[in-house]
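> quick check, what structure comes out for this input:
(4 chains)
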Number of protein chains: 2
Amino acid sequence: MGEIRILLVDDHPVVRAGLRAMLTEFEGFTVVAEAPEGGAAVKEVQRLAVLGEPVDVVLMDLQMGGGMDGVSATKALKELPDAPPVLILTTYDTDADILAAVEAGASGYMLKDAPPEQIRSAVQSAAAGQTALAPEVAARLMGRIRNPAPVLSAREVELVELLSTGMSNKAIAKQLFISEATVKTHLVHIYDKLGVDNRTAAISVAVSRRIIRSAG
Amino acid sequence: MGEIRILLVDDHPVVRAGLRAMLTEFEGFTVVAEAPEGGAAVKEVQRLAVLGEPVDVVLMDLQMGGGMDGVSATKALKELPDAPPVLILTTYDTDADILAAVEAGASGYMLKDAPPEQIRSAVQSAAAGQTALAPEVAARLMGRIRNPAPVLSAREVELVELLSTGMSNKAIAKQLFISEATVKTHLVHIYDKLGVDNRTAAISVAVSRRIIRSAG
DNA sequence: CCTGCGATCAACCTTTTGGTTGATGACGCT
DNA sequence: AGCGTCATCAACCAAAAGGTTGATCGCAGG
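The predicted structure follows:
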């Protein structure tokens, strides 16, 4: 019944154009709005709701340069009355934000390099209120839920960030106004949780799990 | 005079669709072929040349999952008779392959999140045989040429790779069949070249300069 | 109320790194 | 032949990191 009304959220004009082109080629899809970041997306959803032309599905990128990031935007959208389903689109299936996004209420998670057909069916499922996960992502998620990776506390992430700049324990201690002993204790816990036994391996794992971002 | 005939090379269907949509909206641009990786791109260029419908500009992504990467493909294309200009498209303006691609003969370098207008004029310049660089990229390149970053030797890169797994000097020495003393000497040189003074900072810099890739 | 967890700190000891100096052989370029 | 670079190694010392044990405090959840 009727068209599926879609809002695209991505900071790359090229990607937005690609999704628009790809989706409008299929029957029954209309891209009714676009936004370059989360804040604008929320406003668009509200605006269209007021106009009586509500959005049926939001396609949301996770990595966005400026403005509100994908996870926050998903959270914000889900707090609206008549919140639309949010389908997350991302480049990396290793993204640490997968869990965060799903917990924030995303109904699905697709990789950007998925074939058009897969994207089409994911949007359709999401619009129908179902959950749509890319097989790779689903498998990964299930694995994590069965064997959950320990989550670093906020303080620990802070430590890892400083760690990755190459600071010594003493320097980190000074920066955070804590003792060197405390820094060492935190590090032991971090090593435990990341399954490593030294700082070098820790930042390597942290980068590949996208706990921290490497400048770029 | 006439249409500018374009070949798109990118492993993401979404990005290809976006570029195609974006470019065909402008006057005078035709996307005559697409390829998901470098090898196919080379074949396409040859095929079209034989048909008497040569490609005027190749738009090439650097990061491609499978097959021939962007730098190799650029090199291969430039060895063809009547090689078309290659315009590199990438996500990261910090990419260490910038230099490699330009050295391989790319006539320009654009960021994927550039506004459509900028992409249009870059393609036009490239087709006209001129060089087209995004301002950010140009500045960065000039900076590097004036103040060239010391290049790690092959052996040193090997060291950094092992380093990033968190191995100790002793373990690295064993792995490479050299003494621990030699490992330390190499490390001192690496620290020098990267402008850091410990292994943790070194791998951080190495990752952000894409000297090594972090799994993901 | 008790338990668990996160954050904080101390003291002690071992291992690893980092910094320095100096030396050798191989290779390529001029 | 001489120069520079790369890769190799040694010995020594100071600084940093890692490992262990044990302790205090506050807060959230059952």
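> not counting sequence-adjacent ones, nearest residue to residue A:8?
residue A:34 (4.5 Å; CB to CB, 6 or more residues apart in numbering or on different chains). Using the backbone N, CA and C atoms, a C-beta is placed for each residue, glycine as well.
> residue A:168 now?
Nearest to residue A:168 is residue B:198, by CB to CB, 6+ apart, at 7.6 Å.
> that neighbour and DNA strand D, how far apart?
6 Å (CB to the nearest atom of the strand, to the nearest Å).
> confidence score at that residue?
Looking at residue B:198, its pLDDT is 94.
> what sits against it?
A:166, A:168, B:191 (CB atoms under 8 Å, 6 or more residues apart in numbering or on different chains).
> quick one, phi psi at the second one?
In this case it means residue A:168. In terms of degrees, to the nearest 10, the main-chain angles of residue A:168 are phi -80, psi 170.
> can you report how many residues lie near it?
Residue A:168 has 16 neighbours, counted by other CB atoms under 10 Å in any protein chain shown.
> ok, which stretches of chain A are helices?
A:13-24, A:38-50, A:70-78, A:97-103, A:116-127, A:135-146, A:154-163, A:169-176, A:180-194, A:199-208 (DSSP state H).
> output these as JSON lines; include the columns mean neighbour count and distance to chain B.
Shown next, in JSON lines, are these (neighbours: other CB atoms under 10 Å in any protein chain shown; distance: least, CB to the nearest CB, whole Å):
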{"stretch": "helix A:13-24", "mean neighbour count": "22", "distance to chain B": "3"}
{"stretch": "helix A:38-50", "mean neighbour count": "18", "distance to chain B": "16"}
{"stretch": "helix A:70-78", "mean neighbour count": "22", "distance to chain B": "15"}
{"stretch": "helix A:97-103", "mean neighbour count": "19", "distance to chain B": "12"}
{"stretch": "helix A:116-127", "mean neighbour count": "19", "distance to chain B": "6"}
{"stretch": "helix A:135-146", "mean neighbour count": "13", "distance to chain B": "12"}
{"stretch": "helix A:154-163", "mean neighbour count": "18", "distance to chain B": "6"}
{"stretch": "helix A:169-176", "mean neighbour count": "16", "distance to chain B": "11"}
{"stretch": "helix A:180-194", "mean neighbour count": "17", "distance to chain B": "10"}
{"stretch": "helix A:199-208", "mean neighbour count": "23", "distance to chain B": "2"}
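> and those: which comes nearest residue B:79?
Shortest distance between residue B:79 and these, using CB to CB, is found for helix A:13-24: 28.8 Å.
> angle of that closest one against helix B:13-24?
100 degrees (axes from the mean of the first three to the mean of the last three CA atoms, to 10 degrees).
> packing partners of helix A:13-24?
strand A:4-9, strand A:29-35, helix A:116-127, helix B:13-24, helix B:116-127 (3 or more CB pairs under 8 Å, 6 or more residues apart in numbering or on different chains; DSSP states H and E).
> export the ones you listed as a markdown table, with columns for mean pLDDT.
Below are those laid out as a markdown table (pLDDT from 0 to 100):
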| stretch | mean pLDDT |
| --- | --- |
| strand A:4-9 | 94 |
| strand A:29-35 | 94 |
| helix A:116-127 | 88 |
| helix B:13-24 | 91 |
| helix B:116-127 | 88 |
